[in-house]
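Chemist: Could you look at this predicted model? Sequence included:
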Amino acid sequence: MTAPFLSTFLPDTPRNRDHLPAVWLRARELGYTTRSTPVAEPDGCTRTRCAGVHEGYPGSEHRWALHCLLCAVDIEVFYSHMRERKGKKPAPPRRHKGCQFSGPHRAKKRAARYVELGLAIPDWDTDARAALAA
């Protein structure tokens, strides 16, 4: 498992470097890690939303190439879909599309997988916590 790093196009600023540990923590909570095989960064990508997938952390508005430890597939996710939403429509972070461990009806299976991998069940995943306690 490698440590997270910034995408080649994301400026290496104090703010981006300071934000990286929180982003990595959220990815780990969801059971994601960096991919073991490199992903080619798109040529000419800027902060104006290219359609490419990035190997390093690309910010909230671009797809990040990660690996889901729970279902063992390579995924492409936006960090904005991983973070918790607050305000008028609060929602916990969501798993990637197509994950066989996603949703309340799979809480028991998800809890068991977290335990199998030696990962803590996130505090916000109340369904998995309840399933483990049952």
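Modeler: Perfect, thanks for sending it.
Chemist: Okay, helices next: where are they in the protein?
Modeler: For the chain, applying DSSP state H gives helices covering 14-29, 79-82, 107-117, 126-133.
Chemist: number of nearby residues for Asp125?
Modeler: 22 (other C-beta atoms under 10 Å). Any C-beta I mention is one placed from the backbone N, CA and C, and that applies to glycine too.
Chemist: How about Ala27?
Modeler: 21.
Chemist: Is it correct that it is in contact with Phe78?
Modeler: No. In this structure, Ala27 is not within contact of Phe78 by C-beta atoms under 8 Å, at 11.9 Å.
Chemist: ok so, going back, any chance of JSON lines for the helices of the chain, columns distance to Ser7 and mean pLDDT?
Modeler: Shown next, in JSON lines, are these (distance: least, C-beta to C-beta, whole Å; pLDDT from 0 to 100):
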{"stretch": "helix 14-29", "distance to Ser7": "9", "mean pLDDT": "90"}
{"stretch": "helix 79-82", "distance to Ser7": "11", "mean pLDDT": "84"}
{"stretch": "helix 107-117", "distance to Ser7": "26", "mean pLDDT": "95"}
{"stretch": "helix 126-133", "distance to Ser7": "31", "mean pLDDT": "92"}
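Chemist: Which one, of those, ends up nearest to His62?
Modeler: Of all these, helix 79-82 sits nearest to His62, with 8.4 Å by C-beta to C-beta.
Chemist: packing partners for that closest one?
Modeler: Applying 3 or more C-beta pairs under 8 Å, 6 or more residues apart in numbering; DSSP states H and E, we find helix 79-82 packed against helix 14-29.
Chemist: low-scoring stretches of the chain, by residue?
Modeler: 1-2, 87-90 (pLDDT under 70).
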